[in-house]
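just coords:
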C-alpha cells in the first residue's frame with residue numbers, strides 16, 4: 001500500500017504556484033512534469049557545462065562536441081544529449097536541468113541543478129593532474145548553496161524546503177575517474193600501491209556512502225538513482241593506452257576492477273534502503289546495459305570514436321574543429337571515452353523503464369517517480 005504524506009501548507013502553496021507556471025506546459029513527451037525537481041551529481045558523462053570556465057584540460061565546449069545538440073557545444077561530452085538530459089525529458093521537464101555554473105539563484109533552481117563536473121571523482125584528489133574539477137564533496141557544497149537559495153525563496157521556511165526536496169529525483173554517477181584518473185595511473189597516484197582492487201572498491205563505496213548520507217540527512221534527498229560504471233576497459237582510449245588483454249577486445253583487468261566497485265555499489269543500495277527506511281535508493285546497471293547495447297544491430301562501430309582523437313586514440317577528447325563521422329547514430333562511442341547520443345539514449349531508456357530484471361535494482365526510475 002502506498003504511503004500517504006501530509007503536505008505542509010507552505011509547501012503545498014508553493015507547489016501549486018510552481019506547477020501553475022510550469023506544469024501546464026507539456027514536456028517533450030506531451031505530458032506534464034512528473035516531479036518538481038531533478039538534481040544531478042556526477043562527472044563528465046553527466047556534465048553540461050560546469051567545467052567551461054575552470055582551468056582544466058577536461059572540457060568539451062568546442063566543436064565538434066554538440067554537433068547534434070540544438071545549442072551546439074555547451075560542455076556536454078557527447079555529440080548530443082547526455083544520459084541525464086534524456087531522463088529529464090522522460091520526467092517531463094520542458095527544459096534541460098541547468099548547470100550549477102549557470103544558476104544565480106533565480107527561477108532555474110526550482111526545477112533542479114546539475115552539479116556534475118568532468119574529471120571529478122568520489123575521492124578529492126582524483127583527476128587533479130588535469131587541472132580544476134568539482135569533486136563529489138565540492139558538489140555537495142554547491143548543493144548546500146542551492147538549498148540555501150531555495151529556503152530564501154520559501155520565506156526562510158526550512159521545513160517547507162525540506163519537504164519540497166523530498167519530492168525531487170536525484171541522480172549520482174561517479175567513480176569512473178577514480179579508476180581511469182587515479183587508480184590506474186600509478187605514475188601519478190599511489191592508490192594502486194596502497195589498495196588491492198578489492199580494497200579500493202570497498203574504500204570508494206564507503207566514502208560514497210558517507211556522501212550520499214549527507215545528501216539524505218542534510219538536504220532532504222529521498223529518491224536517489226545511483227549509476228554504476230560502464231566497461232571502462234573497452235573504451236578506445238583505454239585499449240589504445242594499455243593494450244587489450246590476451247586477445248580480448250578490452251582491458252580485462254580494468255573491467256574486473258570496475259565490476260568490484262559496481263558490486264559494492266549494488267550492495268550499498270540494499271544497505272541504505274534497509275537503514276534509511278523513508279528513502280529509496282536504486283542502482284542502475286550501466287555495465288550490463290552498455291555491454292548488451294554493443295550487440296545491437298544499430299551500432300555498426302563499437303571500438304572506435306566517431307570524432308577524430310589525437311595520438312591514435314590514446315588521448316580522450318575530440319580534436320577541435322575536426323569533422324566527425326557522418327553516421328553518428330551507428331557509433332557506440334563519441335570520443336575515445338564518452339558515449340554517443342544514441343548510446344546515451346539506450347542507457348537512459350533502460351534506466352527509466354527497465355527491460356531486463358538486471359537493468360536496475362530494486363526498481364527503475366519510473367517506479368521511483370511514483371513513490
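Alright, I've got the coordinates. This structure is a prediction, so every number in the text was calculated from the model and none was measured.

for the stretch 1-150 of the chain, which segments count as strands?
38-42 (DSSP state E, counting those that start in this stretch).

show me where it dips below the pLDDT cut-off.
1-31, 105-107 (pLDDT under 70).

tell me where it has helices.
Secondary structure of the stretch 1-150 of the chain (DSSP state H, counting those that start in this stretch): helices at 9-21, 83-90, 136-153.

for the longest one, what is the distance to the chain centroid?
Between the centre of helix 136-153 and the centre of its chain there are 18 Å (Cα atoms, centre = their mean, to the nearest Å).

what is that helix packed up against?
strand 38-42, helix 158-166, helix 197-219 (3 or more Cβ pairs under 8 Å, 6 or more residues apart in numbering; DSSP states H and E). For every residue, glycine as well, the C-beta is placed using N, CA and C.

that one to helix 158-166, inter-axis angle?
Counting by axes from the mean of the first three to the mean of the last three Cα atoms, to 10 degrees, helix 136-153 lies at 120 degrees to helix 158-166.

for helix 136-153, buried residues please.
By neighbour count with 16 or more other Cβ atoms under 10 Å, helix 136-153 contains the buried residues 136-137, 139-140, 142-143, 146-147, 149-151, 153.

over to stretch 320-328?
324-325, 328.

what about it, how long is it end to end?
Start to finish, the residues bounding stretch 320-328 are 17 Å apart (Cα to Cα, to the nearest Å).

quick one on the thing from earlier: dump the buried residues of helix 136-153 into a markdown table; add distance to residue 53 as well.
Output for the buried residues of helix 136-153, formatted as a markdown table (distance: Cβ to Cβ, whole Å):
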| residue | distance to residue 53 |
| --- | --- |
| 136 | 20 |
| 137 | 20 |
| 139 | 16 |
| 140 | 20 |
| 142 | 14 |
| 143 | 19 |
| 146 | 18 |
| 147 | 23 |
| 149 | 20 |
| 150 | 24 |
| 151 | 26 |
| 153 | 25 |
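
looking at those residues, which one is closest to residue 269?
Using Cβ to Cβ, residue 136 comes nearest to residue 269 of these, at 16.7 Å.

now stretch 47-56, how far from the chain's geometric center?
15 Å.

now swap in stretch 183-201 and tell me
Worked out by Cα atoms, centre = their mean, stretch 183-201 lies 23 Å from the chain centre.

equivalent analysis for stretch 308-328, please.
Worked out by Cα atoms, centre = their mean, stretch 308-328 lies 23 Å from the chain centre.

with stretch 190-203 instead?
Distance, centroid of stretch 190-203 to centroid of chain: 23 Å (Cα atoms, centre = their mean).

what's the answer for stretch 140-156, then?
22 Å.

go through stretch 210-220 and flag the buried ones.
211-212, 214-216, 219-220.

please apply the same query to stretch 275-286.
Using 16+ other Cβ under 10 Å as the test for burial, stretch 275-286 gives 276, 279-286.

quick one: which of the residues you listed is nearest residue 72?
Of all the buried residues of stretch 275-286, the one sitting nearest residue 72 is residue 286; the distance, using Cβ to Cβ, is 26.8 Å.

any idea of the pLDDT on the closest one?
The model reports residue 286 with a pLDDT of 98.

double-check it against residue 225; I have them as touching.
No. Look at residue 286 against residue 225 with Cβ atoms under 8 Å: they stay out of range, at 11.0 Å.

which neighbours do the two share?
Common neighbours of residue 286 and residue 225 (criterion: Cβ atoms under 8 Å, 6 or more residues apart in numbering): residue 351.

between which two of the buried residues of stretch 275-286 is the distance greatest?
Maximum distance among the buried residues of stretch 275-286 (Cβ to Cβ): 23.0 Å, for 276 and 286.

and residue 111, how many neighbours?
23 (other Cβ atoms under 10 Å).

thought it was touching residue 96?
No. The pair residue 111 / residue 96 is not scored as a contact, 9.8 Å apart, by Cβ under 8 Å.

surely residue 160 meets residue 150?
No. Counting by Cβ under 8 Å, residue 160 does not reach residue 150; the two are 9.4 Å apart.

quick revisit: worst average pLDDT in the helices and strands packed on helix 136-153?
Looking at these, the weakest mean confidence is helix 158-166, a mean of 92.

what comes up buried for that one?
For helix 158-166, a neighbour-count test (16+ other Cβ under 10 Å) marks 160-166 as buried.

likewise for stretch 337-355?
337-352, 354.

and what of stretch 236-255?
In terms of neighbour count (16+ other Cβ under 10 Å), stretch 236-255 has its buried residues at 236-241, 244-245, 250-251, 254-255.

what about residue 124, distance to residue 258?
21 Å (Cβ to Cβ, to the nearest Å).

and these two? which has more neighbours close in?
residue 258 (24 against 14).

run the chain-centre distance for the helix or strand harbouring the more buried one.
In this assignment (DSSP states H and E), residue 258 forms part of helix 252-275. Put simply, helix 252-275 sits 16 Å off its chain's centre (Cα atoms, centre = their mean).

and if you look at stretch 65-83?
Per Cα atoms, centre = their mean, the centroid offset for stretch 65-83 relative to its chain is 15 Å.
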